[in-house]
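Trainee: Pasting a predicted model and its sequence here:
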Amino acid sequence: MNELRCSSEWQELLHSTDTYLFDCDGVVWQSVTPLPGAIEAICCLQKLGKQIYFVTNKNTQSRIDTFYKFSKLGFTNIAIENVYTSSYATAHYLKHVLKLTGKVYLMGEAGMKTEIENAGFTCLDIGPDTMTGEPGEIENIHIDPEVQAVVVATDYHFSYKKLVKAFFYLKNPACHYIGTSEDRVIPVGNGTIIPGATGSFIQAINYSTGRTATVIGKPYLPFINCIESEFPFERSRAVMIGDNLNSDILFAKRAGLKSLLILTGVTKRAEFLAGYKDLPDNLIPDFFSDSLCSLTTQ
Ligand SMILES: [Mg+2]
């Protein structure tokens with residue numbers, strides 16, 4: 001594992017890679033603020049002719065919303081085709097891998113619904129759906145016979161009634177069960193750790209149904225298969241740059257990519273350096289750096 005502290009220490013990585021996959025939160029921005037060195041690093045890689053993709057597990061936003069965020073925050077020369085959200089990759093999986101023809105029952109937000117609809121599917125309504133406790137309520141829950149997949153994403157209105165509906169749909173073994181990502185916990189802007197919504201909902205559904213979701217986002221491989229199906233690249237000459245050992249670095253290891261840990265997000269320098277020797281091999285990055293500033297620092 002090598003630390004990258006200045007541009008000369010980046011040379012080995014720059015010579016051995018052509019494709020750069022960037023995580024977003026904690027690497028190129030924190031909430032709504034670009035992280036130090038991120039804009040400059042991406043410009044520098046573009047000038048060197050590197051292929052750049054952004055690969056985020058965030059599923060509440062559509063691909064186009066995420067693309068607009070780049071321009072709003074001052075990142076230029078980024079094409080929408082280079083932005084991959086787990087919402088886009090999930091819709092891509094329904095269409096191109098499962099070749100679904102029916103409707104989708106979604107637990108998720110508008111960005112995820114947009115992607116499912118853009119892929120040509122009918123998505124049942126999202127938003128609040130709760131129970132009152134009246135007798136007979138469960139017996140009257142409407143189940144649409146055309147639903148062929150349950151998709152679980154971050155849903156600000158997750159409820160017991162939605163859990164019951166997912167349970168009813170998934171009783172049919174032919175109904176597909178897809179999760180966008182499964183982070184156990186996630187950080188918010190001020191560094192507070194909160195439960196990962198999608199991962200927690202998936203566990204609730206797994207528990208009651210006895211089924212296991214197919215997860216699309218990092219560290220699972222459907223995400224990289226989605227990118228590769230649109231832009232084939234040589235995995236051994238690609239690097240995943242991320243801040244999360246359990247999603248970004250594990251993803252890189254499973255996919256056969258090089259890995260660079262950036263310490264501007266969830267992984268803190270002191271903690272990481274004190275504990276990395278005890279980590280399994282597939283969580284230890286090939287390279288690490290305090291921030292993306294090191295690429296352009298002499
Ligand atoms: Mg991150």
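Mentor: Arrived safely, thanks for sending. Numbers count the residues shown, from 1 in each chain.

Trainee: helices and strands around the longest helix seen in the chain, which ones?
Mentor: For the chain, the helix with the greatest residue count under DSSP state H is helix 197-209. Judged by 3 or more C-beta pairs under 8 Å, 6 or more residues apart in numbering; DSSP states H and E, the packing partners of helix 197-209 are strand 147-152, helix 160-170, strand 176-179. (C-beta placed from N, C-alpha, C; glycine too.)

Trainee: tilt between it and helix 160-170?
Mentor: Calculated by axes from the mean of the first three to the mean of the last three C-alpha atoms, to 10 degrees, helix 197-209 forms an angle of 60 degrees with helix 160-170.

Trainee: Mind putting the helices and strands packed on helix 197-209 into TSV with mean pLDDT, mean neighbour count and distance to the ion?
Mentor: Shown next, in TSV, are these (pLDDT from 0 to 100; neighbours: other C-beta atoms under 10 Å; distance: least, C-beta to the ion, whole Å):
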stretch	mean pLDDT	mean neighbour count	distance to the ion
strand 147-152	98	26	20
helix 160-170	97	19	27
strand 176-179	98	23	18
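
Trainee: before we move on, the earlier item: what's the model's confidence in the longest helix of the chain, averaged?
Mentor: Confidence over helix 197-209 (mean pLDDT, whole number) is 96.

Trainee: next structured bit after that helix?
Mentor: Next along the chain after helix 197-209, taking DSSP states H and E as the criterion, comes strand 214-215.

Trainee: Quick check: can you name the pairing partners of that following strand and their directions?
Mentor: Using DSSP bridges, the strands paired with strand 214-215 are strand 176-179 (parallel).

Trainee: Shouldn't Leu21 be within a strand?
Mentor: Yes - under DSSP: H, G, I helix; E, B strand; the rest coil, Leu21 falls within a strand.

Trainee: what does the longest helix of the chain rub up against?
Mentor: Contacting residues not belonging to helix 197-209 are listed as 59, 107, 150, 152-156, 158, 163, 166-167, 170-171, 177, 179-184, 211-213, 215 [C-beta atoms under 8 Å, 6 or more residues apart in numbering].

Trainee: buried sites along it?
Mentor: Buried residues in helix 197-209, counting neighbours by 16 or more other C-beta atoms under 10 Å, are found at Ala197, Thr198, Gly199, Ser200, Phe201, Ile202, Ala204, Ile205, Asn206, Thr209.

Trainee: So which of those residues reach the ion?
Mentor: Of the residues in those, proximity to the ion by C-beta under 5 Å from the ion holds for none.

Trainee: Quick check: the two most widely separated of these?
Mentor: Comparing every pair within the buried residues of helix 197-209 by C-beta to C-beta identifies Ala197 and Thr209 as the most remote, at 18.3 Å.

Trainee: Check whether Thr296 really touches Pro36, as I assumed.
Mentor: No - between Thr296 and Pro36 there is no contact under C-beta atoms under 8 Å: 10.5 Å.

Trainee: So what's the residue count around the closest residue to Pro128 other than its chain neighbours?
Mentor: Excluding the flanking residues, the one nearest Pro128 by C-beta to C-beta, 6 or more residues apart in numbering is His157, at 4.7 Å. Other residues lying near His157 total 14 when counted by other C-beta atoms under 10 Å.
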